[in-house]
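Trainee: here's a sequence, model it:
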Amino acid sequence: MKKTITINLAGIVFHIEEDAFEALQQYLNSVKQYFLKVEGGADIQGDIESRIAEIFTGFITDFKQAISIEDVQSVIRQMGTVEDMIGDDEEFATVNETSSTGSSQNQSSAGQQESKRIVRDATNGLIGGVCAGIAAYFEVNPLWVRLGTLALFFGFWIFPPLSVVIFLSYIVLWIAMPAQANLENKGNFRKYFRSRKDKILGGVAGGIGTYFGVDPVVVRVAFVVFIAAGGSGIILYFLLWMITPEAKSVTDDLQMQGDPVTLNNIEEQIKKNVKLENKDAESKLVKVLVFPFRLIAMVFEAIGPFFRFLFEAFRVFASLILFVIGAAFLFTIVVIFLILTGVITDYDSVVKTGSIPLSQLAHEITPWMVGFGTIALAVPVIFILLLSMSLMFRRTFVRPVISMVLIGIFLLGSIGLGVTIIPFISRISEDGNFIDSKEFKAGYQSLALNMNINHEGNSDIYPVSLTIKGWDQPTIKLNQRFEAQGSSWKDARNNARLATYGVVQQDSTLIFDSNLAMDPKLPFRMQRLEMTMYVPFNQKFTMDPDMEEILHMTLTPHGYNVGQIDGNVWMFKRSGLKCLTCPKSDDSAEEDEEEVDSLSTTKPGGQNEEWN
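Mentor: Just a heads-up that it's a prediction; the model follows:
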């Protein structure tokens, strides 16, 4: 049994054994004294503590909860001591590298004892830490994971954009993956940061130069060339600016160069930074090349507060929009649940269901379908509400335990709904139809097409469409195609026959029902009707404005619109549909001159009368 002490190192709480605490405290005090007179010494000490905390996190497992003296000694061997830096740099650089390799092997062997878990990186994440967590799990550079995600989101080369899939996948992973602070990526690679020392606008070019070991001026010239070539340089620059963190510490500078974070390397990096600050004045060529970037930087510094205000306003607005959407969906789910369970019977006064006949579906939907469907739909809505609250209050309301519970409930509801809905889907899996033809008398001075508003059906639930065409026969022909769904083609055909539709001729008037008529006690099988009516050429006709509800592909192919139906006379010629009383444009007056005579009609007394 050993006495343990609770410490807070870089914002993370550790349980450490008493002798290990004394060794760690002595080591940190020596580091503090060494960097006391160095500019930014407090920040350097904070970087060292953060690095030690990262290593300590790798030592903690389900079977080992306290830091031992062996762990502290391993960290000291890896980081190096102040005494090492005081001696010969070259000699101790080799020793440092050897000790770093040995300690890495010790740490690797220790890490093999624990199972590998995929978590979100709460410290280095740009949005939710999903990409950084995936990169740490596979020990790769987070930059490539982020770029790959963006490429799939917006589309790349031959790959189409998968915006919805990537967005939903990111949200699901955000919920499912628990967060972990100071997650260590054990991959042996350089980490790309935006440079905080060598920057003009955002430090993107300086970071690329350091990462690849080239002069940042060359990178800036390349960006200028891409901008002049079509503007792609601007998009690429701001894209990298958004997805790349800034190197805020000496540790970040070392990781960008691919060097291990040791005291000796930290000291060398400080010397490099001092040399950068004291370097000679830039040449005239460099000043000319970087002038546009410095000008843009000055503009951004001037308008920065305004953009921060816009960002905060957008954050609040987006949170309100998400909350309203989530609340509306939640209300709809609750109302549909109450309707399907029979609690609400007069649902037309509560909510308009549109093309969904809930009263007929209620007889076929089982309680299991209702329950599982409600669960599957409610969980995403609850997440939207929690996300809106997180945006509004800048707090994480979705804890790992809550997220796992919600994911489990959602999977349960989705699987249950998928199993229970199979019988219903099988009843509407096939489509069938039957065709009925009717003929009506033509040859009238003018034919009137009117609408009979039928209240026995619903035009949204049972859609009807009518297309009018011209032909060279003396009668009017109406083809009716009734369609429906069923478990087989024969069953679907029989379901289509359940619907009735009326078209009546009264002298020179054809009266069309507004919708299909269906007995509400009969099953809903998506019954619908498509009609095509053939009118003799040169037969004048008028249309009731209510015909707009069922008219389809009749006016627009000939250059007309539904606003011209009321009060006008129409006629089909071999060249197409003509409006005989619509205002004529000047350039079409000569073309339609031969049709002017057709506007007059002969009275029984032989006198002519013009159409008004």
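Trainee: now do the strands in the stretch 51-200 of the chain.
Mentor: In the stretch 51-200 of the chain, the segments counted as strands under DSSP state E, counting those that start in this stretch are 66-67, 120-121, 179-180.
Trainee: for the most centrally placed residue in the chain, which non-adjacent residue is closest in space?
Mentor: For the chain, the residue nearest the mean C-alpha position is F167 (3.8 Å; C-alpha atoms, centre = their mean). Once flanking residues are discounted, F167 sits nearest to F153: 7.4 Å by C-beta to C-beta, 6 or more residues apart in numbering. Placement of C-beta: from N, CA and C, glycine included.
Trainee: just N479 next, same as before
Mentor: Nearest residue to N479, sequence neighbours excluded (C-beta to C-beta, 6+ apart): T532, at 4.8 Å.
Trainee: from R481, how far out is that neighbour?
Mentor: Here T532 is placed at a distance of 8 Å from R481 (C-beta to C-beta, to the nearest Å).
Trainee: cool, and A517?
Mentor: Distance of A517 to R481, given as C-beta to C-beta: 17 Å.
Trainee: likewise S426?
Mentor: In terms of C-beta to C-beta, S426 sits 25 Å off from R481.
Trainee: which one of the two is surrounded by more residues?
Mentor: Remark: of S426 and R481, R481 carries more neighbours, 16 against 12, as counted by other C-beta atoms under 10 Å.
Trainee: remind me which helix or strand the more buried one belongs to.
Mentor: Using DSSP states H and E, the element containing R481 is strand 476-486.
Trainee: quick one: list the elements packing against that strand.
Mentor: Under the contact definition 3 or more C-beta pairs under 8 Å, 6 or more residues apart in numbering; DSSP states H and E, strand 476-486 sits against strand 430-440, helix 489-497, strand 528-536.
Trainee: and the angle for it with strand 528-536?
Mentor: Angle of strand 476-486 versus strand 528-536, following axes from the mean of the first three to the mean of the last three C-alpha atoms, to 10 degrees, is 170 degrees.
Trainee: can you pull the buried residues of strand 476-486?
Mentor: Buried residues in strand 476-486, counted by 16 or more other C-beta atoms under 10 Å: I476, K477, L478, Q480, R481, F482, E483, A484, Q485, G486.
Trainee: with only the CA atoms kept, save the helix or strand harbouring V217 in CSV.
Mentor: In the assignment (DSSP H and E), V217 maps to helix 216-228. The C-alpha coordinates for helix 216-228 follow below in CSV (Å, rounded to 0.1, in the frame of the first residue of the first chain):
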residue,chain,number,x,y,z
PRO,A,216,8.0,30.5,-47.2
VAL,A,217,8.6,33.2,-49.9
VAL,A,218,8.4,30.4,-52.5
VAL,A,219,5.1,29.2,-51.1
ARG,A,220,3.7,32.8,-51.1
VAL,A,221,4.7,33.2,-54.7
ALA,A,222,2.9,29.9,-55.5
PHE,A,223,-0.2,31.2,-53.9
VAL,A,224,0.0,34.4,-55.9
VAL,A,225,0.4,32.4,-59.1
PHE,A,226,-2.7,30.3,-58.3
ILE,A,227,-4.7,33.4,-57.5
ALA,A,228,-3.8,35.0,-60.9
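Trainee: show me what the helix or strand just after that helix is in contact with.
Mentor: Per DSSP H and E, the first helix or strand lying C-terminal to helix 216-228 is helix 232-243. Residues outside helix 232-243 that contact it (C-beta atoms under 8 Å, 6 or more residues apart in numbering): 126, 143, 146-147, 150, 194, 201-202, 204, 208, 222-227.
Trainee: out of the residues you listed, which end up buried?
Mentor: Neighbour counting over the contacts of helix 232-243 (16+ other C-beta under 10 Å) leaves L143, R146, L147, R194, L201, G202, V204, I208, F223, F226, I227 as the buried ones.
Trainee: with the residues you listed in mind, which one is nearest to L522?
Mentor: Ranked by distance to L522 (C-beta to C-beta), the buried ones among the contacts of helix 232-243 are led by R146 at 55.7 Å.
Trainee: is that closest one in contact with G133, as I believe?
Mentor: No: counting by C-beta atoms under 8 Å, R146 does not reach G133; the two are 11.8 Å apart.
Trainee: could you list the domains of the protein?
Mentor: Annotated domains of the chain cover 313-426, 430-610 [automatic domain parsing].
Trainee: number of residues surrounding E54?
Mentor: Per other C-beta under 10 Å, the neighbour tally for E54 reads 21.
Trainee: from memory it sits against E184, does it?
Mentor: Yes: if you go by C-beta under 8 Å, E54 and E184 touch, sitting 4.5 Å apart.
Trainee: please enumerate the strands of the stretch 501-612 of the chain.
Mentor: Taking DSSP E, counting those that start in this stretch, the strands of the stretch 501-612 of the chain run over residues 503-506, 509-513, 528-536, 540-543, 570-573, 576-579, 600-602, 608-610.
Trainee: could you export those as CSV, including distance to L447?
Mentor: Formatted as CSV, those follow (distance: least, C-beta to C-beta, whole Å):
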stretch, distance to L447
strand 503-506, 9
strand 509-513, 7
strand 528-536, 7
strand 540-543, 4
strand 570-573, 9
strand 576-579, 14
strand 600-602, 14
strand 608-610, 18
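Trainee: ok, which of those comes nearest I69?
Mentor: I69 lies closest to strand 528-536 among the strands of the stretch 501-612 of the chain, at 79.4 Å (C-beta to C-beta).
Trainee: so for that closest one, mean pLDDT?
Mentor: For strand 528-536, the mean pLDDT works out to 95.
Trainee: in that strand, which residues are buried?
Mentor: For strand 528-536, burial by neighbour count (16+ other C-beta under 10 Å) applies to R528, L529, E530, M531, T532, M533, Y534, V535, P536.
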